[in-house]
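J.: no FASTA, just this:
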């Protein structure tokens, strides 16, 4: 169980880092990145993957109409 908590925390850490980089990208570019590959200049490719499965985290823009502030109110 301790191992699972550690793995979950690593996932949370990576996703938080990705969210932070997406926010920074949005501030600089005034749009969301089209794909995670747009973040590879900021993050190592391994940071874009699930630490347990090794699979890339999925990323999809669901609604381009939301502003950053509106999006953060939803999550």
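T.: Arrived safely. This structure is a prediction, so every number in the text was calculated from the model and none was measured. Numbering: from 1, shown residues only.
J.: okay, CA-based contacts and neighbour counts for the rest of this
T.: OK.
J.: OK, contacts around the residue nearest the centre of the chain?
T.: Nearest to the geometric centre of the chain sits residue 18, at 3.1 Å (C-alpha atoms, centre = their mean). Residue 18 sits next to 47, 48 when contact means C-alpha atoms under 8 Å, 6 or more residues apart in numbering.
J.: do residue 59 as well
T.: 35, 36.
J.: can you give me the distance of it to residue 28?
T.: Applying C-alpha to C-alpha, to the nearest Å, the value for residue 59 to residue 28 is 19 Å.
J.: pLDDT score assigned to the residue lying closest to residue 36 once chain neighbours are set aside?
T.: Distances taken as C-alpha to C-alpha, 6 or more residues apart in numbering place residue 59 nearest to residue 36, at 6.7 Å, with adjacent residues excluded. At residue 59 the predicted local confidence, pLDDT, stands at 86.
J.: in three-state terms, label residue 59 for me.
T.: coil (DSSP: H, G, I helix; E, B strand; the rest coil).
J.: next one: it from residue 9, what distance?
T.: 20 Å.
J.: what helix or strand is residue 51 on?
T.: Using DSSP states H and E, residue 51 sits in no helix or strand.
J.: so how far is the longest helix along the chain from its chain's centroid?
T.: If you go by DSSP state H, the chain has its longest helix at helix 2-29. Centroid separation between helix 2-29 and its chain, computed with C-alpha atoms, centre = their mean, to the nearest Å, is 6 Å.
J.: and that helix, which residues are buried?
T.: 11, 14, 15, 18, 21, 22, 23, 25 (16 or more other C-alpha atoms under 10 Å).
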